[in-house]
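Q: structure here, sequence nowhere to be found:
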């Protein structure tokens, strides 16, 4: 679940305004609410308290949206209490304080835990000076190495923010203090910043604290309590991609279940990189696997419905299913599982599968099981028990359109067995619902593969050309699917895509040489260096130049049968415009610095290239004229800090410059 608290801490006193002064002014809090399914909040609510006094309750009785206005005292500590209701995953809301600032945002799928979940100080007046550190942009799991420290501040009073200092600490060790100046952050305006000093982080658990201070050069602002955020970060050796498993309870008798058929079909069509694995788990019809049906039945309360990674329940309609999947795949798992080898004997119909698990760091006292599901598509049958009930028939419940254009509103109720083809059906649990225990040691070591060999004899009724094999790594303590992978039974060689790079951190423009380390015979390579869905290179070992930012890198390899295998290295490349190398005084001279109109550059050797970046990494100036002396007009530049790259035939150096 993705949840973003725009204020990530509680204020528990009346600050400097005084403990004995009774504030009688009132102002309105506004809670805007949405429901993704359009049937209201089904019992969910946000209650607003001033101490023990209930000020009001926000909920939606029905429909897609609603709003509640609740009067609250000025400078009172307001607490919010959440009641989950029947379908909390469909709910989202925004809480706005007395001066119109969003103090809490609950995004879709991010509903809080029941009970008190947030406390803030209500404000009725914007008079004064206050910068609020509203976000510390950092993942809960990161790879070892250099780490950018980025935050977002917002001005919450009417005095503009012109400067502030930033310092962070890693496990209690503080960075240098950096000043962001020549700013103009007006009321209710945000500003994102990155500290120029990268944090050096090693494998293990860490506490990172980020603080803004010395606001406008005047020391503390009106509310110093909202100037610090901290984060617990787990640093791992390697970032693995998350593959999401959605197991949907369905049945031929279920008239609403075509919604699930369409959901699974469309998701499988739209997401083909291996990160989506959808399985139809049937109930009360000829495709029922009792153990599988019972397992999913522990989670769901009706049909159709399904469980994602055996953790959270979501309706299979695309309006719920797609955002839930997109949120779930952002998780950074501690482990991955792959099919590293398989054999299929057509004569004996025996399947052999090597399922190999790897962990991102050394772990002790773990408990993981491994399971395999045989999934079949293209299934047809005869008799009334194969007829698919269809409550969408006739259009009274709206259109229900599959990815191929099939509209269930135009089909009969029921759809005869002769016209039905069932896809993504879970047919066999190899290793059971819980998986096979004691095959992965309690203490696992990074870089050590743990392989279990599954064997199974495929029933004659199964079509091997329509069979996929899904291997799952299950956390036995929680029952959650830690990661999974899916491959076709028939097909070519199993490939294990992998790659490395000669550098993963550096100053933009960062030139990176990639090396393919895929195990197996590869027919084609396809690289995506910015995860925009467009191929950037089809070379085996490409070179790519990254501008400023953090980048996921994807490699898809195909075998000689044309089957694709994808691996994604998340947050793999860190290319920053804020790193600084010292300038050798004997090589370059640059003056004046700070500058307001022009900057003069002298070089012992002829300059071949000059580039200037803003502190956020955006290129604002380039020049490739060759000379030993150059003058740059900076009069049109915004005031602030920039970084200049000076290159000759023999060296490149970076210097920090200031424009005032």
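A: In hand now; what should we look at? Because the structure is a prediction, the values reported are computed rather than measured.

Q: any stretches of this structure with poor pLDDT?
A: 1-24, 576-587, 615-618 (pLDDT under 70).

Q: for it, just list every one of the helices.
A: Using DSSP state H, the helices of the chain run over 258-270, 290-297, 318-328.

Q: which of the ones you listed sits closest to residue 342?
A: Evaluated with Cβ to Cβ, the helices of the chain place helix 258-270 nearest to residue 342, the distance being 20.6 Å. C-beta here means a position set from N, CA and C on the backbone, and glycine is covered the same way.

Q: any chance of the helices of the chain in CSV, plus distance to residue 490 and mean neighbour count?
A: Output for these, formatted as CSV (distance: least, Cβ to Cβ, whole Å; neighbours: other Cβ atoms under 10 Å):
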stretch, distance to residue 490, mean neighbour count
helix 258-270, 18, 21
helix 290-297, 23, 16
helix 318-328, 27, 20
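
Q: adding distance to residue 453, write those out as a markdown table.
A: Below are the helices of the chain laid out as a markdown table (distance: least, Cβ to Cβ, whole Å):
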| stretch | distance to residue 453 |
| --- | --- |
| helix 258-270 | 28 |
| helix 290-297 | 22 |
| helix 318-328 | 29 |
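
Q: how far away is the nearest residue to residue 183 once chain neighbours are set aside from residue 70?
A: For residue 183, ignoring the flanking residues on the chain, the nearest one in space by Cβ to Cβ, 6 or more residues apart in numbering is residue 162 at 5.3 Å. As for residue 162, its distance to residue 70 is 35 Å (criterion: Cβ to Cβ, to the nearest Å).

Q: next one: residue 106
A: In terms of Cβ to Cβ, residue 106 sits 16 Å off from residue 70.

Q: okay, which residue is most central for the chain?
A: Note on the chain: the residue nearest the mean C-alpha position is residue 330, at 2.9 Å, using Cα atoms, centre = their mean.

Q: give me the distance between it and residue 140.
A: Distance from residue 330 to residue 140, counting by Cβ to Cβ: 10 Å.

Q: before we move on, what about residue 302?
A: 33 Å.

Q: now do residue 220
A: 30 Å.

Q: and the two? Which one has more around it.
A: residue 220 (13 against 10; other Cβ atoms under 10 Å).

Q: give me every residue that touches the more buried one.
A: If you count contacts by Cβ atoms under 8 Å, 6 or more residues apart in numbering, residue 220 has them with residue 213.

Q: distance of it from residue 131?
A: 10 Å.

Q: repeat for residue 98
A: 19 Å.

Q: those two - which one has more neighbours?
A: Taking other Cβ under 10 Å, residue 98 and residue 131 do not tie; residue 131 has more neighbours (27 against 24).

Q: was I right about the more buried one contacting residue 152?
A: No. Assessed by Cβ atoms under 8 Å, residue 131 is found out of contact with residue 152, at 10.8 Å.

Q: right, and the residue nearest to the centre of the chain touches residue 242 too?
A: Yes. If you go by Cβ under 8 Å, residue 330 and residue 242 touch, sitting 7.3 Å apart.

Q: circling back: and of the helices of the chain, who's closest to residue 136?
A: Nearest of the helices of the chain to residue 136, taken as Cβ to Cβ: helix 318-328 at 19.7 Å.
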